[in-house]
Structure formats: structure tokens, C-alpha cells
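**Q** here is my input; please provide its structure:
(one chain, ligands or ions: 3)
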Amino acid sequence: MTGVARLLGEVAHIGVDARGGYARPGYGDADRELREWFVGHAQARGLDVHRDRNGIVWAWWRPPGSSGPAVVTGSHLDSVPGGGAYDGPLGVASAIGAIDVMRARGLALQRPIAIAVFPEEEGSRFGLACLGSRLLAGGVQAERALALTDREGDTLAEVLRRDGLDPRHVGRDDETLAGVGCFVELHVEQGRGLVDLGRPVAIGSSILGHGRWRITIDGQGNHAGTTRMSDRRDPMVAAARTVVEIRDLARGIPDARATVGRIEPVPGGTNVIASRVSFWVDARHPDDLVTAALVTSIRDAVTRVAAEEGCAAALQEESLSPTVDFDHGLRDRLRSALPDAPELGTGAGHDAGVLASRIPTAMLFVRNPTGISHSPEELVEDSDADHGAVALADALEAVAGSAADGSI
Ligand code: GLV
Ligand code: MN
Ligand code: MN
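**A** Numbers count the residues shown, from 1 in each chain. Ligands and ions are numbered 1, 2, ... in the order given. From the prediction side, this is the model:
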């Protein structure tokens, strides 16, 4: 009906992860191919496409008679390792579908519409979630971002240069933001809220505060066969004990989440006691003060455990995104456009959350029958994708068609 499933079918072969799902790191080949796919569809519809100095791709539709700041939608095309097909691309494909729906309706719009595709939303390559929107909004200093390195040791500055961007021009971009009245991001739901409610689409209410911390434990690299068990300073053992403590600490705090999903031993040999282990903690809680207290407890735990194992530990914050309550005025407008849609919060981070510090933002969620995300099992039924794109068209139309009061 809206063609969203067909659009997603066109990119189903791009960036397939041999271990299952998709691996589409920011600025990589798959990401570039997806970007070209998006640009092709935007240009075929006569949208005015350009890539800004932070690598965000914009596609503008300026209906006759429209003026002022745009109503922007969109999402991202990068994925986590082993990610699903919908986290990000559903929002981009639905944005194209929604523009098709709005054009077919032919109603007058007072505001322009734009689609934005944000790079490195997952932070899977450079460790900083929502990198593109964070740069745009000034949520990270350009110098700090440009010095970040990926797993190959390449800096963001080098990778951007190879991808056709000039690192000297990266950073906070108030001029671009001044052209954005509000941002409405459609996203696959990453839990079971809509399944339990038996509804296809929800309006987002809030994003759980979240952050990432890198823990490094240094020990003594040595031989697996010749080093007596009593003589070891093994950072892997300290890391393993800490991971269990992190789980237990989070379990002791209502509504807290803490995850260790990435661990890197150095040098990483079967018959080698590691000299260093790095691992990353993702911690989340609705109250940012509780997240901070949890991280302090984690720091205390890893310091103690590392000392007991004859090792030394350090903990470093990589990113922090406070809890976001989406803009109430914008939510009211979405609620009047979509009176049957329930409101749901989410535990996942989004560009709409980062941009909320600068402009009114809102989200729509589309039912995911498995309730699973960041996994190949993530799913959206074709008919729900249609519901989502039509709901997005309704929402954008409600905001862009009634914006004469300049309140966006
Ligand atoms: C992004 O999906 C996140 O919540 O980390
Ligand atoms: Mn994600
Ligand atoms: Mn996402």
C-alpha cells in the first residue's frame, strides 16, 4: 500500500552479517550503499538532496506556498553488529512512504517537509551513540569527536575524509538547526508494548537516560601453561567477576539496566593470559542521578575486584544521554492526529532524544511482533509498516498543515 516493505526489500542484501542479521557500521561500504539508495529515491521524487558538513543527508520537499522552518522526519541507516533490518531503515523508508502518501492526498502544507538521515546513530564504530545528531546539536565538541578511533585505529577525522567530508567543518550547526521546526522520528518498537496492547502504532513519550563506560583492567600477560594459578594477575578473571557484579548491582535497583555486550582481551590468545581486558558497560535508568550512583558502585566494584586479582582498573565515560520527555506541544498535535495511538516510553536511544535539547522532537513506534531488537529476530509485518507510514503522514500533515501560528 505505501511501498515501505518494498523499499526495505530493495536493501535486504546490503551489509549482511555472516553471523546473522546486519553489520552496517557508520561510514562503511554498506552504510554508503544504503545512503545512495536513499538519495536515489529522494531524487526520483524531485526532493532537493544535500549532505551537510556533519554527514547528515537531507532531502527537502517544499510544497508550493510552504515556508518557514521545516517539519523533519527520518532516522538512520547504520546498524549494531548482528542488528535487525528495521532499526533505523524503517524510519527512513517510512519517511519516503509518508511523503508519497501526503503527495497523493494533495493537501496544502504551510511548512516544508524534510527527511534527515543521521550517520553513526548506533555508535557501533566510534563508540559515541547518535554521533551525527550530537555533532549537529553541539552535544559533543568537534575536536573530541574527530579524535575518536574505530577498532582498526582509524580516527573519525580520517574516516570522514575518506568518505568525502572535510573534518575542519564538522561540529555544531545552528544554521541548519534554525531551518528545522521540529523532528518526528518513526522507529520500530524495541519491546513488547504494542504487542501487549494489540495496536500497530504508538506515540513516543520518553527515552530512558543512558550512557556508556569503558572499563580497562591491566594485569600481567603470561604463559597459560607455565604460570602457576597462584602466581597470576589475570585481568580476564577480574573482568568476569566484575561483569557478574554489574548484573547484580543493576538487579538491586528498580528499573535499572546494565549490560556488558563487548569485551576485548589483549592480545587475545587461547594459550595466553591476557595483559589487558577492556569491556564496555551500557547503563540506563529513568533518573539520571540513579544512573550516576550505579556507575559509582560499578567503579568501586571493579576497583576492588581488580585489586583482589592483582590488577589495576580504570573506568572512563564515553557518552551520556539524559532521560528525555518528548515535547508536550508536539505530542499533543500527534495525539490529535492519531487519537487511537497509545503512548509508550522506550529504553532505547534515538537521534530524536539527542535533538530534544535543541528543538521540539517526538517519535512514533511501529509494532514489532517478536519484541526483540538489536538482533536478527527484530520484525515488522508489512501491514504494520503501512500503518506506520500512514500514521507518519497524518502526523506530519497535522504539524506542517497547521503551523501558521509559527509554533514549531
Ligand atoms: C540504540 O539503539 C541504543 O539504545 O543504544
Ligand atoms: Mn538501535
Ligand atoms: Mn535506531
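**Q** residue numbers of the stretch 1-150 of the chain in contact with ligand 3?
**A** 87-88 (Cβ under 5 Å from the ion). No exception for glycine: its C-beta is placed from N, CA and C like everyone else's.
**Q** which residues in the stretch 1-150 of the chain form strands?
**A** 48-51, 57-61, 70-76, 113-118 (DSSP state E, counting those that start in this stretch).
**Q** would you turn those strands into JSON lines with mean pLDDT and mean neighbour count?
**A** As requested, the strands of the stretch 1-150 of the chain are exported to JSON lines (pLDDT from 0 to 100; neighbours: other Cβ atoms under 10 Å):
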{"stretch": "strand 48-51", "mean pLDDT": "98", "mean neighbour count": "14"}
{"stretch": "strand 57-61", "mean pLDDT": "98", "mean neighbour count": "21"}
{"stretch": "strand 70-76", "mean pLDDT": "98", "mean neighbour count": "27"}
{"stretch": "strand 113-118", "mean pLDDT": "98", "mean neighbour count": "28"}
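**Q** dump the ones you listed to TSV, plus distance to Ala147.
**A** Compiled in TSV, the strands of the stretch 1-150 of the chain are given as follows (distance: least, Cβ to Cβ, whole Å):
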stretch	distance to Ala147
strand 48-51	22
strand 57-61	24
strand 70-76	22
strand 113-118	21
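**Q** for stretch 230-245, the distance to its chain's centre please.
**A** Put simply, stretch 230-245 sits 31 Å off its chain's centre (Cα atoms, centre = their mean, to the nearest Å).
**Q** now swap in stretch 249-267 and tell me
**A** A distance of 19 Å separates the centroid of the chain from that of stretch 249-267, by Cα atoms, centre = their mean.
**Q** for it, which positions count as buried?
**A** Neighbour-count burial for stretch 249-267 flags 249-250, 253, 256, 258, 260, 265 (criterion: 16 or more other Cβ atoms under 10 Å).
**Q** of those, which belong to strands?
**A** By the criterion of DSSP state E, membership of those in strands covers 258, 260, 265.
**Q** closest one of those residues to His374?
**A** Nearest to His374, judged by Cβ to Cβ, of those is Val260 at 14.3 Å.
**Q** mind listing what the closest one touches?
**A** 243, 246, 279-282 (Cβ atoms under 8 Å, 6 or more residues apart in numbering).
**Q** and for His285?
**A** Taking Cβ under 8 Å, 6+ apart, one finds 208-209, 253, 255-257, 291, 294 in contact with His285.
**Q** who does it form a beta bridge with?
**A** Taking DSSP bridges, one obtains Gly209 as the residues bridged to His285.
**Q** do you know how far Gly83 is from ligand 1?
**A** 9 Å (Cβ to the nearest ligand atom, to the nearest Å).
**Q** next, Ala301: secondary structure please.
**A** helix (DSSP: H, G, I helix; E, B strand; the rest coil).
**Q** contacting residues for it?
**A** 242, 245-246, 249.
**Q** got phi/psi on Val188?
**A** phi -60, psi 140 (degrees, to the nearest 10).
**Q** nearest residue to it other than its sequence neighbours?
**A** Tyr86 (3.9 Å; Cβ to Cβ, 6 or more residues apart in numbering).
**Q** gap between the one you found and Leu338?
**A** 20 Å (Cβ to Cβ, to the nearest Å).
**Q** output the below-cut-off pLDDT ranges for the protein.
**A** 402-408 (pLDDT under 70).
**Q** all helices for it, in order.
**A** Counting by DSSP state H, the chain has helices at residues 4-10, 29-44, 89-105, 131-137, 142-146, 156-162, 174-178, 193-197, 235-251, 288-308, 328-337, 351-355, 382-400.
**Q** deepest of these, which one?
**A** Compared across the helices of the chain, helix 351-355 shows the largest average neighbour count, a mean of 29 (mean count of other Cβ atoms under 10 Å).
**Q** is ligand 1 contacted by that one?
**A** No - counting by Cβ under 6 Å from any ligand atom, no contacts exist between helix 351-355 and ligand 1, the nearest distance being 9.0 Å.
**Q** residues making contact with that helix?
**A** So helix 351-355 is contacted by 75-76, 116, 118, 121, 130, 132-134, 136-137, 139, 183-185, 204, 207, 321, 324, 326, 361-363 (Cβ under 8 Å, 6+ apart).
**Q** and of the contacts of His285, the nearest to ligand 3?
**A** When the contacts of His285 are ranked by distance to ligand 3 (Cβ to the ion), Leu208 comes first, at 13.8 Å.
**Q** who's in contact with that closest one?
**A** 257, 284-286, 323, 345-348.
**Q** got these as TSV, with distance to ligand 1 columns?
**A** Shown next, in TSV, are the contacts of Leu208 (distance: Cβ to the nearest ligand atom, whole Å):
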residue	distance to ligand 1
Arg257	10
Arg284	8
His285	13
Pro286	14
Thr323	13
Gly345	13
Thr346	8
Gly347	7
Ala348	4
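**Q** only whichever of those residues are buried, select them in ChimeraX.
**A** Selection of the buried residues among the contacts of Leu208 in ChimeraX, burial being defined by 16+ other Cβ under 10 Å:
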select :284,285,286,323,345,346,347,348
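**Q** in the sheet, who's paired with Gly83?
**A** Tyr22.
**Q** gap between it and Thr323?
**A** 24 Å.
**Q** and if you look at Gly153?
**A** For Gly153 relative to Thr323 (Cβ to Cβ), the value is 34 Å.
**Q** Gly55 now?
**A** Distance from Gly55 to Thr323, by Cβ to Cβ: 27 Å.
**Q** same check on Leu90?
**A** From Leu90 over to Thr323 (counting by Cβ to Cβ), the distance is 24 Å.
**Q** ditto for Gly20
**A** 32 Å.
**Q** now swap in Gln43 and tell me
**A** 38 Å.
**Q** for Ser75, same thing?
**A** 21 Å.
**Q** same question, Val266
**A** 35 Å.
**Q** over to Ala389?
**A** Taken as Cβ to Cβ, the span from Ala389 to Thr323 is 29 Å.
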